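Trainee: curious how this folds, go ahead:
(4 chains)
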2 protein chains.
Amino acid sequence: MQDVARLANVSIATVSFTVNNSKPVSPATRARVEAAMQELGFRRNAVGRALASKRTHILALLYPALQHRFRGTVVDFFTSAASTASERGYNLVLWPASNDSELDELTSTGLVDGVLLMEVQVDDPRVEQLTASRTPFALIGRTGDPSALDYVDIDFENTVAAAIEHLAQLGHTSIGLLDGGVGRGALRGYAPVVRTRESFAQEMAARGLTAFSFTCDENPAAGREAAATLMNEAPGMTALLLMNEHAGPGLVTGLHRLGMSVPADLSILSLASSREMAAMTDPDLSVLSAPSIELGRRGVELLIDQLDGGNQHERQSLVMCAFEPGNSTAPPRRAPPSE
Amino acid sequence: MQDVARLANVSIATVSFTVNNSKPVSPATRARVEAAMQELGFRRNAVGRALASKRTHILALLYPALQHRFRGTVVDFFTSAASTASERGYNLVLWPASNDSELDELTSTGLVDGVLLMEVQVDDPRVEQLTASRTPFALIGRTGDPSALDYVDIDFENTVAAAIEHLAQLGHTSIGLLDGGVGRGALRGYAPVVRTRESFAQEMAARGLTAFSFTCDENPAAGREAAATLMNEAPGMTALLLMNEHAGPGLVTGLHRLGMSVPADLSILSLASSREMAAMTDPDLSVLSAPSIELGRRGVELLIDQLDGGNQHERQSLVMCAFEPGNSTAPPRRAPPSE
DNA sequence: CTGAAAGCGCTTACAG
DNA sequence: CTGAAAGCGCTTACAG
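Mentor: A predicted model of the protein is given here:
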């Protein structure tokens, strides 16, 4: 910048003004400055700017990628968040922090302007840590009591209700839930599964339907094993809500191997997943697909609202999953006894 | 730091020395400084440090996530690279830069110490850009002529040869390759596919085997369509190399629907993928799995060698994929006519 | 519209 | 072993 100023015969302040459009500059000197920048191939140093302005224009999407594989539908959140950030003049990067000290390093050192939190737990220690460090942040997800927080999340409650409604309409009265578990250790209490379980239990009870609940790891092999468990422990079950997209392919395979047909013998409806994941199986799954694009975008908007003092977006919002029919749900083979 | 210095009754230089262990400090004053830091909850500001030391300790894994979905086996490269970086005192973040100006922003502004490049093309403009900006970088992958670059890559040449050898041993003489294409627009010339095609053609010719070549998009639906194409255009083909892990599930499904059995009617061997992706299908695929962990680690080591002046690692290395048997390869149903 | 100057929070020769 | 001081590359009141 010094060099540019010298070459253009202005002060470095003026260079700064023209680079940032932060103060009016006469056309003539602007032209001189721009020519000089051209000639020197000048790029303003982001670190210097960050130190002086206390803004790095970097947002971090916090995802515990070392513990929890980054894959499947969650990837869409990142993509959407990154492109929204880019439109708004920020860079969003995926920050694979996991343990406390890494989060600490991120927040208390001024490297990023704000944080977007993913994989939120019901009782998430990172929320406290972020609050304490006064780092602006927003959640994609929500804790058990998120009333004081800025968040966007899937409306699991209504999504589960819609899922059960769909299956009940088809005539199912005995329905199971297969989820990926609520995690353990530092990642315990994974909120989406906690909420889905609760809503499932409530809604099934309210309708007087027979409910079953299963858990398996998030991979195809576990899904394959789960098929046998399902059939053994709930032989009368005719439909399943799947809250574990990575177990899906194995589950369907396992059912086939046991001589079960999908959807004739068991309807499957995948929750909070995506068409792409649903297309991994045969038949392809009917799915309530996660509003990833919208949540990624809204999360970034909330964060930038905090940063730029805007206040234009709903600070807390829930979005339903959208039903996308596949070929894995149908009426049960034997109609339920009509009273 | 000012505050700490005042409270501990030392200069800020001394605080810096004890924080960084950059100069000897007497135990007594070290204790005073540390007590003061404790009391004030001091964390050294990373931006200030970066400006003074010209080091941010951030590495960027460059992946064009907005164009090319970040998923599947490539995710393992990131995870491995991130944990290696973390062990070595750096933060590695996923930087979804795609167009020139975004890359420019990354490199010419001093925000990151170095860059790890993924999804390398045969003629990759980013290499030139990185070189011109004097940003330290290493490749996970390699260009057409990488002789001057630091890189780690899969040894596609020998991996393809091993794959063909495996199938030839089983008795196959008519073998196809189904890849995901070499990309178009800014992402044209995707090096892994270019290399695989070349090696495939050479090795098949050298062995006097009958070769077929197919391309389809990287998703299950495209794989399903490809099944029909394969059967129509190469009815005599008995084995297939799959260089398109995301088409795999659809491909197998599509074959089944056409009444083809895997591996009895068609053997499939997946290249540069992973057991996890291979487990998505039924039967699970035999796979030459990508050495993701090792390449992610080595890529970061190369980069840190440049940064810290170390020189301890091979600057160019190729790693073979490891064969992991699944259930998708077998001798062809009809033995080939024995001359 | 433009400039001189202070300051962002550190690191690092240089002296002692 | 410790400190005073310059400097990293910018931004931003403050003056003019």
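Trainee: indicate the residue of chain A located nearest to DNA strand C.
Mentor: residue A:24 (2.5 Å; C-beta to the nearest atom of the strand). Bear in mind the C-beta positions are built from the backbone N, C-alpha and C, glycine included.
Trainee: ok, that residue - contacts?
Mentor: Residue A:24 sits next to residue A:17 when contact means C-beta atoms under 8 Å, 6 or more residues apart in numbering or on different chains.
Trainee: okay, now residue A:221: neighbour count?
Mentor: Here the number of neighbours of residue A:221 (other C-beta atoms under 10 Å in any protein chain shown) works out to 17.
Trainee: quick check: the residue of chain A closest to DNA strand C vs residue A:247, distance?
Mentor: As for residue A:24, its distance to residue A:247 is 61 Å (criterion: C-beta to C-beta, to the nearest Å).
Trainee: does DNA strand C have contacts with whichever strand or helix holds residue A:33?
Mentor: Element membership of residue A:33, judged by DSSP states H and E, is helix A:27-40. Yes: counting by C-beta under 7 Å from any atom of the strand, DNA strand C has neighbours in helix A:27-40: A:28-30.
Trainee: buried members of those residues into PyMOL, please.
Mentor: Here is the PyMOL command that selects the buried residues among the residues of helix A:27-40 next to DNA strand C (16 or more other C-beta atoms under 10 Å in any protein chain shown):
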select buried, chain A and resi 29+30
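Trainee: before we move on, back to that, for whatever helix or strand comes next after the helix holding residue A:33, buried residues please.
Mentor: Scanning forward in sequence from helix A:27-40 by DSSP H and E, the next helix or strand is helix A:46-53. Residues of helix A:46-53 classed as buried: A:46-47, A:49-51 (neighbour count, 16+ other C-beta under 10 Å).
Trainee: out of these, who's near DNA strand C?
Mentor: Within the set of those, contact with DNA strand C (C-beta under 7 Å from any atom of the strand) is found for residue A:51.
Trainee: want to throw the buried residues of helix A:46-53 into JSON lines with pLDDT?
Mentor: Formatted as JSON lines, the buried residues of helix A:46-53 follow (pLDDT from 0 to 100):
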{"residue": "A:46", "pLDDT": "89"}
{"residue": "A:47", "pLDDT": "91"}
{"residue": "A:49", "pLDDT": "92"}
{"residue": "A:50", "pLDDT": "92"}
{"residue": "A:51", "pLDDT": "92"}
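Trainee: before we move on, the earlier item: got the contact list for the helix holding residue A:33?
Mentor: Contacts for helix A:27-40 (C-beta under 8 Å, 6+ apart): A:3-5, A:7-10, A:14-15, A:18-19, A:25, A:42.
Trainee: all strands of the stretch 101-250 of chain A, in order?
Mentor: Counting by DSSP state E, counting those that start in this stretch, the stretch 101-250 of chain A has strands at residues A:114-117, A:137-140, A:151-154, A:174-179, A:210-215, A:239-243.
Trainee: against residue A:55, how distant is whichever residue of the stretch 201-339 of chain A sits closest to DNA strand D?
Mentor: Here the stretch 201-339 of chain A gets closest to DNA strand D at one residue, residue A:308, 12.3 Å apart by C-beta to the nearest atom of the strand. Between residue A:308 and residue A:55 the distance is 10 Å, computed by C-beta to C-beta.
Trainee: same question, residue A:71
Mentor: As for residue A:71, its distance to residue A:55 is 32 Å (criterion: C-beta to C-beta).
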